[in-house]
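Enquirer: What follows is a predicted structure for the sequence shown.
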Number of protein chains: 2
Amino acid sequence: MILNERKIKILEAIINDYIATAEPIGSRTIAKKYDLGISSATIRNEMSDLEELGFIIQPHTSSGRVPSDRGYRLYVDRLLRFRELTEAESNFLRSTVAQNIDHIEYLMRQTAKALTMLTNYTTVVSEPKSQEVKIKHVQVIPFDDTSVITVVVTNNKVVKNNVIKVDHAPDTDILNQISGIVNKAFKEFSFEEIVSKKAYSQFLNSPYGKLIDDVFVSVIKTVGQERDMQVYTSGVNNILDFPEFSDIDKAKSVFKALEEKDMLINILEGDGSHSDFGNIKILIGNENSLEQLKDCSIIKTDYKYGENSYGSIGIIGPTRMNYAQVIPVLSSIVESINDVIKAFSDG
Amino acid sequence: MILNERKIKILEAIINDYIATAEPIGSRTIAKKYDLGISSATIRNEMSDLEELGFIIQPHTSSGRVPSDRGYRLYVDRLLRFRELTEAESNFLRSTVAQNIDHIEYLMRQTAKALTMLTNYTTVVSEPKSQEVKIKHVQVIPFDDTSVITVVVTNNKVVKNNVIKVDHAPDTDILNQISGIVNKAFKEFSFEEIVSKKAYSQFLNSPYGKLIDDVFVSVIKTVGQERDMQVYTSGVNNILDFPEFSDIDKAKSVFKALEEKDMLINILEGDGSHSDFGNIKILIGNENSLEQLKDCSIIKTDYKYGENSYGSIGIIGPTRMNYAQVIPVLSSIVESINDVIKAFSDG
DNA sequence: TGTTAGCACTCATTAACATCGAGTGCTAAC
DNA sequence: GTTAGCACTCGATGTTAATGAGTGCTAACA
């Protein structure tokens, strides 16, 4: 059986309609609504074929048809025509990025918020990470009599900090010297040499040996820490607005997947064998590895922030999500981030 | 009509039962389950009185009774007997606090998580804020050729940072000097004098005048910024586990209230005229000012973190939440925070 | 006078059943 | 190959009756 032009037209009609209404579509509806020049009976025959080919599904005998994952896949691969962003939408995204480009945390949060606002789906944004995290600078800062704070800046422009307890906090000058020692060590020695304390053993017996050791340990801990990988979500509750999740248990299962940081990272980093549009990857329904998201699609991509450092952005909605709109929106904001970051870096 | 001992016993039975089952309670159930030595008919009469007094409500003629907000209020004020925490629970809370005491962000997140784990309700934790935010220390840190990072530590041990663009980034020594200037200014001048640039006008014409000005502006912005007030939530989706929110619209309305940061701050800071137990405040149903949370109760308190700096913790559940358990749990974790912070500060 | 057994009554819930209508597959004619 | 026509399916909707948990009231009792 061949997938001729007419079958594709019908499939497209079904998908477009289903995206808009979330209701199974019958042959008569198509015959009336789309001017295909054929009768409902003919459409009926074609639909029967489309079902056999696996592109549509009949929830029960005597109901209309609903697109299958495979149907959406064909639609996304071959039929999709993007909806252009309006001037206002572009400006909104661009200014969101521009206003927050100097602060990665705000940028992630506001990006998530903006995407949710424009799409009404759920957005997930992960912190930029490089293959190899490099320490750009460490600074030890005084806090009070018995504690100092170490601040670590990494090559992905992420700033982390930790409090260190001391018997008696040294003054700023001493702390600056210690900072100098630490920075020098991170420049001149390998990570292993630092972990083994070889890189700074000579300082261990100095009056501030204990503090210096504490600072190194704290920095290593901070950088190596998994608990630190931030992921922001926005619009999780929008799930409840879609009729496919009006069954509370289905909604719960999606929520479960979206509430654990590990799961979210999984979603964003999970395979997605090939890129669908430019750098954008699309996972439809069961293409996704998470059982809980089998009724969802994920549209995701990476953004660059800092040298060699990439974070991810994903938009999650029901499989019948509005691909034609979401992809340009996502594409646009990533373009903005890359542009603005570049302009920012160039001064 | 007087609220005698027997009526109170019956009310208590109704509330305990309703907290456990979420089902309206009838007179026969009470007669059978609780050995009050009176027949269901007598209980019926008493229940009728209790309804007239406003402590219980009949959802419809011929159904059992359900506690009203006023009923819960009486229960909380006069009848509540706390459930002691087990050794394991105490240890869990204490170690959660101890492991994160050096980092306010983790502390907030893990506190929220731990409370949700023990109670199965929703937890909200807000960042510590002092009446007056004081700047403990400012440090300017090198990043790359065209940007430096300012790190601001405030008296509530919160660390904030901002990227500043420069034409050509000075070396660490110069940045340390600049940090020195800034810190000195914040020590010796009033906030107004800094905002008006009077405090550092003498430096504005030096080679690094532009950068110095940028740093001051950035610090002021950082400290004054409302967008920065962090609030963490945990277990929001647990709402769906309670039958009172199996109506998806009711759940949505609660979610709405819990998804906006402003709302959450509102919840945590909202009045709550008097403290119910020690420093713990309880808002039952409509006692809460948010319409969306009229079917919820909020149990909240403050914790101290850093000098004169307080954050809030709130636990939100249905009005029939397990007050007897939640209050000791909340009480315990705050005690832990205060203890551990104290031990930590004392060295 | 307070308590209680008894009884009529209420009303949400559930099940059984009929009806409706959107949609199908199949057949026969064009 | 297309289509009109028709019998059939099945979810959705509505009606009715039965069930049972619960009430309020009354009259008798201690």
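Expert: It's in.
Enquirer: What is the neighbour count of residue A:69?
Expert: As a burial measure, residue A:69 scores 20 neighbours (other C-beta atoms under 10 Å in any protein chain shown). Where you see a C-beta, it was placed from the backbone N, CA and C, and this is true even at glycine.
Enquirer: which residues does it contact?
Expert: A:284-287, A:319 (C-beta atoms under 8 Å, 6 or more residues apart in numbering or on different chains).
Enquirer: mind giving me a markdown table with those residues and columns for distance to residue B:141, pLDDT and neighbour count?
Expert: As requested, these are exported to a markdown table (distance: C-beta to C-beta, whole Å; pLDDT from 0 to 100; neighbours: other C-beta atoms under 10 Å in any protein chain shown):
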| residue | distance to residue B:141 | pLDDT | neighbour count |
| --- | --- | --- | --- |
| A:284 | 45 | 95 | 23 |
| A:285 | 47 | 94 | 20 |
| A:286 | 47 | 93 | 15 |
| A:287 | 44 | 93 | 21 |
| A:319 | 46 | 97 | 26 |
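Enquirer: ok, those residues vs chain B, which is closest?
Expert: residue A:319 (20.2 Å; C-beta to the nearest C-beta).
Enquirer: Would you mark the buried spots in stretch A:270-280?
Expert: Within stretch A:270-280, the residues that count as buried by 16 or more other C-beta atoms under 10 Å in any protein chain shown are A:270, A:272, A:276-277, A:280.
Enquirer: Would you mind checking which helix or strand in chain A has the lowest mean pLDDT?
Expert: The helix or strand of chain A with the poorest confidence is strand A:129-130; it has a mean of 81 (mean pLDDT, DSSP states H and E).
Enquirer: near chain B at all, the biggest helix by length in chain A?
Expert: Longest helix in chain A, counting residues (DSSP state H): helix A:323-345. Yes - part of helix A:323-345 sits near chain B under the criterion C-beta under 8 Å from any C-beta of the partner chain, namely A:344-345.
Enquirer: Dump that helix to PDB, keeping only the CA atoms.
Expert: What follows is helix A:323-345, C-alpha atoms only, in PDB (Å, rounded to 0.1, in the frame of the first residue of the first chain):
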ATOM      1  CA  TYR A 323       5.100  22.000  16.800                       C
ATOM      2  CA  ALA A 324       4.700  24.700  14.100                       C
ATOM      3  CA  GLN A 325       4.700  27.400  16.800                       C
ATOM      4  CA  VAL A 326       7.000  26.000  19.500                       C
ATOM      5  CA  ILE A 327      10.000  25.200  17.200                       C
ATOM      6  CA  PRO A 328      10.400  28.800  15.900                       C
ATOM      7  CA  VAL A 329       9.900  30.200  19.400                       C
ATOM      8  CA  LEU A 330      12.600  27.900  20.800                       C
ATOM      9  CA  SER A 331      14.800  28.600  17.900                       C
ATOM     10  CA  SER A 332      14.400  32.300  18.300                       C
ATOM     11  CA  ILE A 333      15.300  32.500  21.900                       C
ATOM     12  CA  VAL A 334      18.400  30.300  21.500                       C
ATOM     13  CA  GLU A 335      19.500  32.500  18.600                       C
ATOM     14  CA  SER A 336      19.000  35.500  20.900                       C
ATOM     15  CA  ILE A 337      21.000  34.000  23.700                       C
ATOM     16  CA  ASN A 338      23.900  33.200  21.300                       C
ATOM     17  CA  ASP A 339      23.800  36.600  19.700                       C
ATOM     18  CA  VAL A 340      23.500  38.600  22.900                       C
ATOM     19  CA  ILE A 341      26.200  36.500  24.600                       C
ATOM     20  CA  LYS A 342      28.400  37.100  21.700                       C
ATOM     21  CA  ALA A 343      27.800  40.900  21.600                       C
ATOM     22  CA  PHE A 344      28.200  40.900  25.400                       C
ATOM     23  CA  SER A 345      31.500  39.100  25.300                       C
END
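Enquirer: If you average the pLDDT over that helix, what comes out?
Expert: Helix A:323-345 shows a mean pLDDT of 92.
Enquirer: What is it packed up against?
Expert: Contacts defined by 3 or more C-beta pairs under 8 Å, 6 or more residues apart in numbering or on different chains; DSSP states H and E place helix A:323-345 against helix A:87-100, helix A:104-119, strand A:296-304, strand A:309-318.
Enquirer: How about the residue nearest the centre of chain A: which residues does it bridge to?
Expert: In chain A, the residue lying closest to the centroid (C-alpha atoms, centre = their mean) is residue A:313, at 2.5 Å. Applying DSSP bridges to residue A:313 gives these bridge partners: residue A:125, residue A:301.
Enquirer: Wait, it touches residue A:333, no?
Expert: Yes - the criterion here is C-beta atoms under 8 Å, and residue A:313 meets it with residue A:333 at 7.3 Å.
Enquirer: Next, show the common contact partners of the two.
Expert: Counting by C-beta under 8 Å, 6+ apart, the shared contacts of residue A:313 and residue A:333 are A:111, A:115.
Enquirer: The least confident helix or strand of chain A pairs with which strands?
Expert: Strand pairing (DSSP bridges) places strand A:129-130 next to strand A:309-318 (antiparallel).
Enquirer: how about the strand it pairs with as CSV, C-alpha atoms only?
Expert: Extracted in CSV, the C-alpha atoms of strand A:309-318 (Å, rounded to 0.1, in the frame of the first residue of the first chain):
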residue,chain,number,x,y,z
SER,A,309,29.8,25.6,27.9
TYR,A,310,26.3,24.4,27.0
GLY,A,311,23.0,24.3,28.7
SER,A,312,19.8,22.9,27.5
ILE,A,313,16.3,24.1,27.0
GLY,A,314,13.3,21.8,26.6
ILE,A,315,9.6,22.5,26.0
ILE,A,316,7.3,19.7,27.1
GLY,A,317,3.7,19.3,26.0
PRO,A,318,1.2,16.7,24.9
